[in-house]
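Trainee: next come a sequence and a model predicted from it.
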Amino acid sequence: MIPYGRQTIEEDDIQAVVDVLKSDYLTTGPKITEFEQRVAEYVGVKYAVAISNGTAALHAACFAAGIGTGDEVITTPLTFAASANCVLYCGGTPVFADVDSRTYNIDSADIERKITSKTKAIIAVHLAGQPCDMDAIHKIAEEHHLFVIEDGAHALGSVYKGEKIGGLSDMTTFSFHPVKPITTGEGGMIVTNNKDLYQRLVMFRSHGITRDETLMMRNDGPWFYQQVDLGYNYRITDIQCALGCSQMNKIDRFLTRRKEIVKRYNDAFEDYENIITPYQLPDTESGWHLYIVQVKNCNRREVFEKLRNLGIDVNVHYIPVYMHPYYQKHGYADVHCPNAEKLYSHFLSLPLYPTLSEKDQKYVIEKVIECVR
Ligand SMILES: *Cc1c(COP(=O)(O)O)cnc(C)c1O
C-alpha cells in the first residue's frame with residue numbers, strides 16, 4: 001500500500017531518542033526547551049510551548065484566549081474535528097463559516113456574516129498547508145476585537161507574504177503527529193509573541209501550577225508552588241522533543257521534497273479537466289501537508305475504491321465537521337456550508353510525503369488518470 005502520508009525517520013532521529021533514554025530526563029528536561037527554541041526561531045516568534053499533541057495545543061490556545069461559556073468562535077468546517085472541538089472543551093460554541101471554493105480555506109466574507117455580539121475569536125486553519133487570507137482575517141478581527149488563533153497543524157514552514165506561519169496572529173498551533181510536516185510521534189506546540197498568553201499556556205500545560213513568584217499569591221519558601229488556575233497534564237516528554245529537535249534539522253529538506261512531488265502531480269494532471277489541482281493564493285508558499293484534488297464528472301466513491309484496490313491509500317480531507325453525528329445531535333442539524341459540502345463531495349487526497357519515490361508517484365499518477373477518465 002502506498003500511504004497518503006507518512007513520517008520520515010532516519011538514523012540520526014533514532015540516535016537522538018536513544019541518547020535521551022540514557023540521560024537523566026525522560027519527561028520535562030532540557031530537550032523540551034531546546035525544541036521550543038528551535039521552532040520559535042524557525043517561525044520567528046518570541047515564545048513557544050511544546051505540549052502533548054496538536055489538539056491539546058488548540059485547547060490551550062482557547063483557554064489562554066479566555067474562551068468560555070457563551071462565547072462563539074468562528075472556524076472552518078473543512079478541517080479535522082479538533083479545530084472545533086477545542087472550543088467545546090472550553091464551554092464555547094463553534095460557528096462554521098463557509099470556505100472559499102478556490103483556496104478551500106475559510107472565506108472572510110462569510111466570517112463577517114457569522115459575527116454576532118458573542119463572537120470572541122476566529123480559528124483559521126491552513127488546509128493542506130495553504131495559508132489563509134490572513135490580512136482579510138486580521139482586518140475583521142481588529143474591527144470586531146476578536147482573538148485570532150491559527151491552526152497550523154498543516155502549515156509548519158508555510159509562508160504568508162514573506163513571513164512564516166506562526167508569528168502573524170495572537171497564537172498559532174502546530175501538530176507533530178506522524179503524517180504532519182515533522183513528527184514527535186504525538187506532540188504539539190503553541191507559538192505566540194505575547195508574554196501573558198505564554199505564561200497562561202505554560203501553566204495550562206501542567207495543572208495550572210506555577211513556581212513563578214510574580215504569578216503566585218504568596219510564597220512560603222523555596223519548595224513552594226501554587227495552583228492558580230485549572231490546568232491539565234498535557235506535558236510532552238524529552239524523548240519526543242529529542243525527536244522533534246532532530247526533525248527540525250530536516251524541515252527545509254522535507255518541504256523541498258514535498259514541493260517537488262507536488263510539481264510533478266500538477267504537471268501530470270494539467271491537461272485533465274476532470275482533475276482540479278490545488279490553487280495557490282498569490283504571495284504565499286504552501287508547506288504541502290496534503291495534495292488534495294477535486295475529481296469531476298465521475299463517481300468519487302468508485303474512484304476512491306478503485307485506487308484503494310490498486311494499493312493506493314487515497315483519503316478524503318475532510319468531512320465537514322458539523323456533519324458528524326455529535327455535532328448533528330448538538331445543535332448543528334440545520335447548519336449548511338454549501339461550498340464546503342460541494343468540495344467535500346469531490347475531494348481526494350493523493351499520497352504525499354518526503355520519501356514517496358518517483359516510481360510510486362508515477363504509478364499513482366497513471367492510476368488516478370485511468371480512474372477518472
Ligand atoms: C492533526 C490535526 C490536529 C490535531 O493534532 P493532533 O496532534 O493529532 O492532536 C488539529 N487540527 C488539524 C487541522 C489537524 O490536521
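Mentor: Received, thanks.
Trainee: show me the contacts for the residue of the chain found nearest the ligand.
Mentor: Closest approach between the chain and the ligand, counting by Cβ to the nearest ligand atom: Gly54, at 2.4 Å. C-beta: built from backbone N, CA, C; applies to glycine. Residues near Gly54 by Cβ atoms under 8 Å, 6 or more residues apart in numbering: 82, 151, 153, 173-177, 180, 187-188.
Trainee: which non-adjacent residue is nearest it?
Mentor: Using Cβ to Cβ, 6 or more residues apart in numbering and skipping residues adjacent in sequence, the residue nearest Gly54 is Ser175, 2.6 Å away.
Trainee: what do you get for Gly91?
Mentor: Closest to Gly91 by Cβ to Cβ, 6+ apart is Thr69, at 4.0 Å.
Trainee: how much space between that neighbour and Tyr89?
Mentor: Distance from Thr69 to Tyr89, counting by Cβ to Cβ, to the nearest Å: 12 Å.
Trainee: which SS class is Ser349?
Mentor: Secondary structure for Ser349, judged by DSSP: H, G, I helix; E, B strand; the rest coil, is strand.
Trainee: so it touches Trp288, yeah?
Mentor: No: contact criterion Cβ atoms under 8 Å: Ser349 and Trp288 do not qualify, at 11.5 Å.
Trainee: residue contacts, Lys263?
Mentor: With Cβ under 8 Å, 6+ apart as the criterion, no residue contacts Lys263.
Trainee: from Thr172, how far off is it?
Mentor: 27 Å.
Trainee: do Gly162 as well
Mentor: Distance of Gly162 to Thr172, given as Cβ to Cβ: 16 Å.
Trainee: residues near the nearest residue in space to Thr103 that is not next to it in sequence, how many?
Mentor: Counting by Cβ to Cβ, 6+ apart, Thr103 lies nearest to Leu281, which is 5.6 Å off, once chain neighbours are set aside. Neighbours of Leu281 under the rule other Cβ atoms under 10 Å: 18.
Trainee: doesn't Gly129 make contact with Leu281?
Mentor: No: in this structure, Leu281 is not within contact of Gly129 by Cβ under 8 Å, at 11.4 Å.
Trainee: using the three-state scheme, assign Val49.
Mentor: Following three-state DSSP, Val49 is assigned to strand.
Trainee: quick check: phi and psi on Val43?
Mentor: Backbone geometry at Val43, expressed as degrees, to the nearest 10, gives phi -90, psi -10.
Trainee: so it makes contact with Gly167?
Mentor: Yes: using Cβ under 8 Å, Val43 makes contact with Gly167 at a distance of 6.1 Å.
Trainee: for the host helix or strand of Lys362, what does the pLDDT average out to?
Mentor: If you go by DSSP states H and E, Lys362 is part of helix 358-372. Mean per-residue pLDDT for helix 358-372: 97.
Trainee: tell me which residues of it come out buried.
Mentor: 361, 363-365, 367-368, 371-372 (16 or more other Cβ atoms under 10 Å).
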